[in-house]
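K.L.:
the following block contains a protein sequence and its predicted model.
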Amino acid sequence: QVQLKESGGGLAQAGGSLRLSCAASGGTSSSYSMGWFRQATGKERELVATISRSGGSTHYADSVKGRFTISRDNAKNTVYLQMDSLKPEDTAVYYCAADLLYSDSAGAYTYWGQGTQVTVSS
C-alpha cells in the first residue's frame, strides 16, 4: 500500500508561482498513475492534472491548461505540480492521488494524500 505526502503549498500572489511535490512511500511509484486534484471551500473535489506511470501521457483541466505542469521523477518516487500565473480561483486544498489505472476521475483513485493548502491573493 502506497502512502502519499504533499508539500509545497502556501500563500502566493496572483500571477505568482508555486511548486507542489508529492512523495510516495510504501510502494514503487512507477507502478502507479498519479493525479492532482483540488477542493475549494464549499465545492466538490475536481481534477487538476494527471500523469501516466511512465510520464508519457498527461491530462489537464481546462481551467489550468497552459499554466500548470505535472511531471514525475520515478527514481525519487515523486510527482510535481508546477503552478504558474496563479489566480485567486486556484485557491483550494490540493490533493495527490495514485492508482494502478490511469483515469481523470477522482473516484477512480485508491490512494490519497492529506492535502496541502494553496491560497492565492489578489
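P.N.:
Here it is on my side, so go on. Numbering: from 1, shown residues only.
K.L.:
following the chain onward from whatever helix or strand residue 36 lives in, which element is next?
P.N.:
Assigned by DSSP states H and E, residue 36 belongs to strand 33-39. Using DSSP H and E, the next helix or strand after strand 33-39 towards the C-terminus is strand 46-51.
K.L.:
pairing partners for the next helix or strand after that next one, with directions?
P.N.:
Using DSSP H and E, the helix or strand that follows strand 46-51 in sequence is strand 58-60. Here strand 58-60 has these sheet partners by DSSP bridges: strand 46-51 (antiparallel).
K.L.:
average model confidence for the partner strand?
P.N.:
Average pLDDT, strand 46-51: 97.
K.L.:
just the strands in this structure please.
P.N.:
Ranges of strands in the chain, per DSSP state E, are 3-7, 10-13, 18-25, 33-39, 46-51, 58-60, 68-73, 78-83, 92-99, 111-112, 116-121.
K.L.:
between these, which one is nearest to residue 105?
P.N.:
Nearest to residue 105, of all the strands of the chain, is strand 46-51, at 7.6 Å by C-beta to C-beta. Quick note: C-beta positions are derived from backbone N, CA and C, even for glycine.
K.L.:
can you tell me the strand partners of the strand holding residue 36 and which way each runs?
P.N.:
Assessed with DSSP bridges, strand 33-39 is paired to strand 46-51 (antiparallel), strand 92-99 (antiparallel).
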